[in-house]
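Trainee: 3D model of this:
(4 chains)
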Protein chains: 2
Amino acid sequence: MGYVTIKTLAKELNLSTAAISKALRNSHEISSITKQRVQELATRLNYTPNVYAGSLRGRKSKTIAVVLPEVADSFFSLAINGIEAIAEANGYHVLIYLTHENFSREQAILKDFQSGRVDGVLMSLTAETSSYLHINELYSKQIPLVFFDRVCEEISTAKITTDDFNSAYIATKHLIDCGCRQIALLSISNYLSISNMRLEGYRQALTDYPIQENPVNIFCGNDAAANRRFIRHVLSKADRPDGIVATAEKLTSDVYLSCRELALSIPDDLKIVSFSNLHAAAILNPSLTTITQPAFDMGKAAASILFKALDKKNNILRNENITMPSELMVRGSTVKDA
Amino acid sequence: MGYVTIKTLAKELNLSTAAISKALRNSHEISSITKQRVQELATRLNYTPNVYAGSLRGRKSKTIAVVLPEVADSFFSLAINGIEAIAEANGYHVLIYLTHENFSREQAILKDFQSGRVDGVLMSLTAETSSYLHINELYSKQIPLVFFDRVCEEISTAKITTDDFNSAYIATKHLIDCGCRQIALLSISNYLSISNMRLEGYRQALTDYPIQENPVNIFCGNDAAANRRFIRHVLSKADRPDGIVATAEKLTSDVYLSCRELALSIPDDLKIVSFSNLHAAAILNPSLTTITQPAFDMGKAAASILFKALDKKNNILRNENITMPSELMVRGSTVKDA
DNA sequence: TTTTTTTACTTAACCGATTAAGTACCCAAC
DNA sequence: GTTGGGTACTTAATCGGTTAAGTAAAAAAA
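Mentor: Okay, the predicted model is just below:
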């Protein structure tokens, strides 16, 4: 089963393994004739260095991990593309790990990183993450870590977010301007700082533009069916909201479907703004007013910061918050014929 | 800088590294008292075995790779979930690699696998993949490989697909039944066998239910903007199609947007069936008639077969084609008020 | 011509974990 | 009393590559 290793090459060429290794790494200690012979044979035998051997010795794997809740979300899939663009330019591999919004999965994944599997980590927290021991443990092993979007304030490192407070404020104000008087906020987490920021922005808007009725904050979970039941329940009450700020993309279709079931018209009976990068937003029925995040650029920014730390010997990332602007894109779910 | 290794534990407990290793793996050669002491210390110091060391020795990494074109596609993101479900049950890690429909990227990724980075590979080809040397090279290194959806017929291994011929046939027949007389097929590849199967199914339907006009096969590329221009061009001609079978999800929004620009009504002026698992299909304007693939189950099936091969010493996967049924879901893009 | 330097390697240690083979000790059986 | 066997370890080799240190021969400097 002829694995071609450095030994195979050495034997074939009557050289030591050290000479082969050096030749392949273009060391000045090796004559150019020998280098050529080694190169040729390596190519001919299709030699591929064993990653595990190299990483074991060098404590470097040229690999980073991206940890995120799910991939079926346009924000995350765009962010991945941004990350990969930068990683490729830096000659790094990208491993994608999915938590599926599951806290214990997040713990297990970070635990695995302690083994030195990756040189650095980019991550976006689970909606359930409320304790940070596992993150601190990773942090204490000197593995550089950059958060994006769903950041952990408690860890002192670089964090890329959008202006969540402001975005929610603008979304809410937009609904108020459109005539909404009872506005609900759909959230996916009670723990995430971005959820809290969005909640505060929402509240601030309600305070600044005082409207009669009470705010309605609705927490949704991970179970799409339960969410739908829950949303349908809220929308079928007599004092149902007339406006919704959805802080996560996946909640939108639940709202749309519930409205259809309940024969509520969007935007006549209910107006919706959703945090979403959905490509199909423009062709929904009606088209969806969104707060769109610069997902691709956020991925790029997060990766760039990580590689800056990896390039230096000094792996320590200083605590910094980088905020990028989101954009309100007004469409048919809040304004007729928009 | 305090990496906790087996040596750390050995020194601390005045044991050999061998004893530690055996204790951690619950060997009968080690007394239960010692085992306990080792376990305790390991937990206390948060010892994590170095993956690279273990994999180097054991030639097993307990890791599989999933290679796919992109993640911003509901089929692939669902398939990933199916794969991960099975992988977790088998105690394996899943690394996701994206080719971005780029052939040379696919080559580079497979080349990397030759280093033994992963124990097995699940993959779906690039739309550009027309030569299979890189796959054969991987295959010859005895690394088990299972294809799903975008399979490579030329490699003798397990392949999971849907009944592409039949699905396209049914989609086309559905359009004919709805009154379409000039039906276009939008394809993303001239190379992929699933594209060819779908093309044949489409042709067969046109033959079986003969209609006056000629078929219109349109090939689209990777550039969304170019696709949109191209589709708009086709739809603005006098003899434009009145029906479209889109063989890839991402082409749908281009069609919708082009129709909007050209003031064509769906389904009155143009009817569309798309191969798609888009969750939002039901809330598009109009809702989208789809051929929906059992993406999650296909992922599960592919992973299950791979693990069956990995469990045996015998890594060889026999050449087999597993076909799973797709479903036509009739909605508003072909039938009014569906 | 002798000494120094350079060139082009080789030897051997090492990364962290696993494991075959060896060993010291105790207890039991013949 | 010696052999046999089990227990609980240790020693050393190994995986594949990297690299510090060593060396022999040729080239350059004295």
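Trainee: contacts, neighbours, all on C-alpha from now
Mentor: Fine.
Trainee: Quick one: low-confidence residue ranges for chain A.
Mentor: For chain A, the stretches with pLDDT under 70 are A:1-2, A:212-213, A:313-315, A:338.
Trainee: which residue ranges form the strands in it?
Mentor: For chain A, strands defined by DSSP state E occupy the ranges A:63-68, A:93-98, A:120-123, A:145-148, A:158-162, A:183-187, A:216-219, A:243-246, A:271-275, A:289-292, A:320-324, A:327-329.
Trainee: Specify the angle between the first one and strand A:93-98 in degrees.
Mentor: In this structure, strand A:63-68 runs at an angle of 20 degrees to strand A:93-98, with axes from the mean of the first three to the mean of the last three CA atoms, to 10 degrees as the basis.
Trainee: What is strand A:63-68 packed up against?
Mentor: strand A:93-98, strand A:120-123 (3 or more CA pairs under 8 Å, 6 or more residues apart in numbering or on different chains; DSSP states H and E).
Trainee: and the shortest one, which strands flank it?
Mentor: Pointing back at strand A:120-123 there. Sheet pairing of strand A:120-123 (DSSP bridges) gives strand A:63-68 (parallel), strand A:145-148 (parallel).
Trainee: So which of those is the most surrounded?
Mentor: strand A:145-148 (a mean of 28; mean count of other CA atoms under 10 Å in any protein chain shown).
Trainee: Send me that strand as CSV with only the CA atoms.
Mentor: C-alpha atoms of strand A:145-148 as CSV (Å, rounded to 0.1, in the frame of the first residue of the first chain):
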residue,chain,number,x,y,z
LEU,A,145,-9.8,33.6,18.9
VAL,A,146,-11.9,36.2,17.0
PHE,A,147,-15.6,36.5,17.4
PHE,A,148,-17.9,37.7,14.7
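Trainee: Kindly reformat the strands of chain A as CSV containing distance to residue A:42.
Mentor: As requested, the strands of chain A are exported to CSV (distance: least, CA to CA, whole Å):
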stretch, distance to residue A:42
strand A:63-68, 24
strand A:93-98, 23
strand A:120-123, 30
strand A:145-148, 36
strand A:158-162, 42
strand A:183-187, 56
strand A:216-219, 59
strand A:243-246, 56
strand A:271-275, 52
strand A:289-292, 49
strand A:320-324, 45
strand A:327-329, 52
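Trainee: May I have the residues that are in contact with residue A:328?
Mentor: A:167, A:170, A:171, A:289, A:290, A:291, A:292 (CA atoms under 8 Å, 6 or more residues apart in numbering or on different chains).
Trainee: about what we covered before: of all the helices and strands packed on strand A:63-68, which one is nearest residue A:3?
Mentor: Closest to residue A:3 of those is strand A:93-98 (CA to CA; 23.0 Å).
Trainee: Could you confirm whether the closest one reaches chain B?
Mentor: Yes - contact between strand A:93-98 and chain B, assessed by CA under 8 Å from any CA of the partner chain, occurs at A:94, A:95, A:96, A:97.
Trainee: and the third one, how many residues sit next to it?
Mentor: So the one you mean is residue A:96. By other CA atoms under 10 Å in any protein chain shown, the residues close to residue A:96 number 20.
Trainee: what's the spacing between it and residue B:49?
Mentor: Going from residue A:96 to residue B:49 by CA to CA, to the nearest Å gives 21 Å.
Trainee: How about the residues of the stretch 51-200 of chain A by DNA strand C?
Mentor: A:53, A:54, A:56, A:57 (CA under 7 Å from any atom of the strand).
Trainee: before we move on, the earlier item: nearest to DNA strand C among the residues of strand A:93-98 next to chain B?
Mentor: Looking at the residues of strand A:93-98 next to chain B and their distance to DNA strand C, the nearest is residue A:95, at 21.2 Å (CA to the nearest atom of the strand).
Trainee: thinking residue A:291 is in contact with residue A:167, fair?
Mentor: Yes - Residue A:291 is within contact range of residue A:167, at 6.9 Å (criterion: CA atoms under 8 Å).
Trainee: ok, back up a step: now the contacts of residue A:328 as TSV including distance to chain B and neighbour count?
Mentor: TSV is the format used below for the contacts of residue A:328 (distance: CA to the nearest CA, whole Å; neighbours: other CA atoms under 10 Å in any protein chain shown):
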residue	distance to chain B	neighbour count
A:167	24	23
A:170	25	18
A:171	22	29
A:289	14	24
A:290	15	28
A:291	18	25
A:292	16	19
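Trainee: As a check, name the ranges of all helices in chain A.
Mentor: A:6-13, A:17-24, A:32-44, A:51-58, A:74-89, A:103-113, A:133-140, A:164-177, A:193-208, A:224-236, A:250-261, A:295-311 (DSSP state H).
Trainee: deepest of those helices, which one?
Mentor: Highest mean neighbour count among the helices of chain A (mean count of other CA under 10 Å): helix A:164-177, a mean of 23.
Trainee: Which neighbouring elements make contact with it?
Mentor: helix A:193-208, strand A:243-246, strand A:271-275, strand A:327-329.
Trainee: Give me the distance from the longest one to the chain's centre.
Mentor: The gap between the average C-alpha position of helix A:193-208 and the chain average comes to 22 Å, counting by CA atoms, centre = their mean, to the nearest Å.
Trainee: Let me know the angle separating that helix from strand A:183-187.
Mentor: Orientation note: helix A:193-208 sits at an angle of 170 degrees relative to strand A:183-187 (the same axes, to 10 degrees).
Trainee: Just the residues contacting helix A:193-208, thanks.
Mentor: Contact partners of helix A:193-208, identified using CA under 8 Å, 6+ apart, comprise A:149-153, A:164-173, A:185, A:187-190, A:215, A:247.
Trainee: One more: the third one?
Mentor: Outside of strand A:271-275, the residues within contact range by CA under 8 Å, 6+ apart are A:171, A:175, A:180, A:242-249, A:252, A:266, A:288-293, A:333-334.
Trainee: still on that earlier bit, among the strands of chain A, which comes closest to DNA strand D?
Mentor: Closest to DNA strand D of the strands of chain A, according to CA to the nearest atom of the strand: strand A:63-68, at 15.1 Å.
Trainee: now the angle from the closest one to helix A:103-113?
Mentor: 170 degrees.
Trainee: quick one: contacts of strand A:63-68?
Mentor: A:76, A:80, A:92-100, A:117-126.
Trainee: before we move on, what about stretch A:220-229?
Mentor: So stretch A:220-229 is contacted by A:101, A:186, A:187, A:188, A:189, A:230, A:251, A:254, A:255, A:258 (CA under 8 Å, 6+ apart).
Trainee: Contacts only, for the closest residue to residue A:112 other than its chain neighbours.
Mentor: Nearest non-adjacent residue to residue A:112, counting by CA to CA, 6 or more residues apart in numbering or on different chains: residue B:48, 7.5 Å away. Shown in contact with residue B:48 (CA under 8 Å, 6+ apart): A:111, A:112, A:114, A:115, B:4, B:5.
Trainee: Looking at the residues you listed, which is nearest residue A:305?
Mentor: Out of those, the member with the shortest distance to residue A:305 (by CA to CA) is residue A:114, at 20.6 Å.
Trainee: got the residues of chain A near chain B?
Mentor: Proximity of chain A to chain B (CA under 8 Å from any CA) is limited to residues A:1, A:3, A:48-53, A:55-56, A:71-74, A:77-78, A:94-97, A:111-112, A:114-117, A:141, A:253, A:256-257, A:279-280, A:283-287.
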